[in-house]
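Engineer: for reference, the sequence and a predicted model appear below.
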Protein chains: 2
Amino acid sequence: MLECEDAIEAAGVESGFCVILCDIGNSRAHLYERGNVVDLSIDECFERYGKKRVHYICVNDRVKRDIPKKAPKWIDVSRFRMLETSYKGLGIDREAACLGVEDGIVVDAGSAITVDLMENGVHKGGWIWPGISAMKSAYAKISSRLDCEIVTDLDFGNLPQDTCSAVSFGVLAPIETLVERFGEGKRVIVTGGDAEKIASILPGAQVDKEVVFKGMKKMIKENEC
Amino acid sequence: MLECEDAIEAAGVESGFCVILCDIGNSRAHLYERGNVVDLSIDECFERYGKKRVHYICVNDRVKRDIPKKAPKWIDVSRFRMLETSYKGLGIDREAACLGVEDGIVVDAGSAITVDLMENGVHKGGWIWPGISAMKSAYAKISSRLDCEIVTDLDFGNLPQDTCSAVSFGVLAPIETLVERFGEGKRVIVTGGDAEKIASILPGAQVDKEVVFKGMKKMIKENEC
């Protein structure tokens, strides 16, 4: 028992954690190896890591079904669920991100944008938006006039004065307003592919691309050691 | 001059306005005739009204191109634009709805949801969301787990505790929060196909399915009389 824990401690949380971690989302995979995070297509991920020993989480059911065949040595970390919450059906990626934060608001901005509130290690609930790219497509599908780039240099205190500002405001003002409303004075951590974009509209928010992996490490340490 | 104005006045704004009005949106057409509003597919609309004299507005460019051929007697009310605003590119349907309100927040909940602020007859700006059905599709496209019915019986003061509440919250909490933020103490008028649903989450909001037609009447009266 102690040997594993010591190895993990000695390896250090930030740089040399001894196992490879993988977070498979709805459209992309993120790999964590020796302190580095790599963003891969799901096919690339299997190609490069399919033969290795990888601890993974996966919210994509279709991909998950293929894992025993494509990556027989992979270990499903979702068996180590440990988050205290009364939320029903929390995705394992959200659970990992929440465990990685302990206290504050976690915004995971990928294919979907999830917002979760953590207080003293307990998950208090959260909500879901389509991601920026999904929102952009939703507007474009309604009318070509609404096919706008989502820009972040908006003044949310003033009403938009043109169509594309009105679209960007529609996507971003809810994030700015609701994170502030539920996060009053709390730490805001933003992760996921659009983390920088979303953090830029949330005063004081920190980008942390490793927060999901921090949570996965906790789950592994708590359960395998 | 006076004859037309008198005729309109005598006919009354609510019940007997003497012309037929048509508002063609991105997906449906709404007809106003003698105080009744009918919701039609665009094809049905041309079938039933193509040979009549109709005053119309149309935000759908593809449909608009066909009007001279399919409905040669129709009169485009957008030539009578009169709204005072510094907003660039305001859709004619939004302009008509704003003219129909004068003072307050106008929420038009159709294929898109537009929110506009009017003060003393002047348009102060506004923003745009995908409509409820477009949002539902955007979630479903990300993951089948997010394919949820949008329900309105939510407590926006508390964090959602399951996936489908988290999705409904994602769609509706922005509307509730941002309309309240910009509408402080102002009258809120909701129109469009999802008006009842949206009004149910906005305390004190009134549903008015004729607000676009009220604006169109103003434009016609101001310009044709």
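Structural biologist: Sure thing, it's come through.

Engineer: contacts for the helix or strand where residue A:98 lies, please.
Structural biologist: Secondary structure assigned from DSSP states H and E places residue A:98 in helix A:92-99. Outside helix A:92-99, the residues that touch it by C-beta atoms under 8 Å, 6 or more residues apart in numbering or on different chains are A:23, A:25, A:57-59, A:77-78, A:81-83, A:85, A:90, A:106, A:108, A:114, A:116, A:118, A:123, A:126, A:191, A:211-216, A:218-219. No exception for glycine: its C-beta is placed from N, CA and C like everyone else's.

Engineer: looking at the residues you listed, which are in strands?
Structural biologist: A:23, A:57-58, A:85, A:106, A:108, A:114, A:116, A:118, A:123, A:126, A:191 (DSSP state E).

Engineer: contacts only, for the residue nearest to residue A:53 when sequence neighbours are not counted.
Structural biologist: Excluding the flanking residues, the one nearest residue A:53 by C-beta to C-beta, 6 or more residues apart in numbering or on different chains is residue A:73, at 4.7 Å. Residue A:73 is in contact with A:51-54, counting by C-beta under 8 Å, 6+ apart.

Engineer: what of residue A:32?
Structural biologist: Counting by C-beta under 8 Å, 6+ apart, residue A:32 has contacts A:17, A:20-23, A:210, A:213, A:216.

Engineer: redo that, cut-off 7 Å
Structural biologist: A:21, A:210, A:213 (C-beta atoms under 7 Å, 6 or more residues apart in numbering or on different chains).

Engineer: neighbour-wise, give me the winner out of those.
Structural biologist: Within the contacts of residue A:32, residue A:213 tops the neighbour count with 27 neighbours, counted by other C-beta atoms under 10 Å in any protein chain shown.

Engineer: pLDDT score assigned to that residue?
Structural biologist: Residue A:213 carries a pLDDT value of 96.

Engineer: ranges for the strands of chain A?
Structural biologist: Using DSSP E, strands in chain A cover A:20-24, A:29-33, A:36-40, A:54-58, A:75-76, A:84-85, A:104-109, A:112-119, A:122-130, A:188-191, A:206-207.

Engineer: tell me if I'm right that residue A:63 and residue A:26 touch.
Structural biologist: No: between residue A:63 and residue A:26 there is no contact under C-beta atoms under 7 Å: 9.0 Å.

Engineer: who's more crowded, the two?
Structural biologist: residue A:26 (23 against 18).

Engineer: now the closest residue in space to the more buried one that isn't next to it in sequence. Its backbone dihedrals?
Structural biologist: Nearest residue to residue A:26, sequence neighbours excluded (C-beta to C-beta, 6+ apart): residue A:111, at 4.4 Å. When quoted as degrees, to the nearest 10, the phi and psi of residue A:111 stand at phi -60, psi -40.

Engineer: OK, contacts around residue A:111?
Structural biologist: Residue A:111 makes contacts with A:25-27, A:131, A:134, B:142, as judged by C-beta under 7 Å, 6+ apart.

Engineer: now swap in residue A:152 and tell me
Structural biologist: Residue A:152 neighbours (C-beta under 7 Å, 6+ apart): A:172, A:197, A:200-201.

Engineer: over to residue A:172?
Structural biologist: A:152, A:154, A:201 are the contacts of residue A:172 under C-beta under 7 Å, 6+ apart.

Engineer: need the phi and psi values for the last one.
Structural biologist: Backbone torsions for residue A:201, taken as degrees, to the nearest 10, come to phi -100, psi 0.

Engineer: how many residues are close by it?
Structural biologist: Using other C-beta under 10 Å, residue A:201 has 19 neighbouring residues.

Engineer: now residue A:65
Structural biologist: 11.

Engineer: how distant is the longest helix anywhere in chain A from the center of its chain?
Structural biologist: Longest helix in chain A by number of residues (criterion: DSSP state H): helix A:163-183. Distance, stretch centre to chain centre, for helix A:163-183: 19 Å (C-alpha atoms, centre = their mean, to the nearest Å).

Engineer: where's the residue in chain A sticking out farthest from the centre relative to residue B:126, distance?
Structural biologist: Going by C-alpha atoms, centre = their mean, the residue of chain A most distant from its centre is residue A:161, 33.0 Å out. Applying C-beta to C-beta, to the nearest Å, the value for residue A:161 to residue B:126 is 9 Å.

Engineer: so how far is chain B from residue A:113?
Structural biologist: Using C-beta to the nearest C-beta, to the nearest Å, residue A:113 is found at 8 Å from chain B.

Engineer: show me where pLDDT drops low in chain A?
Structural biologist: Scanning chain A for pLDDT under 70 picks out A:1-17, A:225.

Engineer: which positions in it make contact with chain B?
Structural biologist: Contact residues, chain A versus chain B (C-beta under 7 Å from any C-beta of the partner chain): A:26, A:86-89, A:111-112, A:117, A:124-130, A:134-135, A:138-139, A:141-143, A:146, A:159-163, A:166-167, A:169-170, A:173-174, A:177-178, A:181-182.

Engineer: can I get the buried part of the ones in strands among the contacts of helix A:92-99 as one ChimeraX selection?
Structural biologist: Only the buried entries of those go into this ChimeraX selection, using 16 or more other C-beta atoms under 10 Å in any protein chain shown:
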select /A:23,57,58,85,106,108,114,116,118,123,126,191
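
Engineer: so what sits opposite the residue nearest the centre of chain A in the bridge?
Structural biologist: Residue closest to the mean C-alpha point of chain A, counted by C-alpha atoms, centre = their mean, is residue A:108 at 3.9 Å. When bridges are called by DSSP bridges, residue A:108 pairs up with residue A:114, residue A:191.
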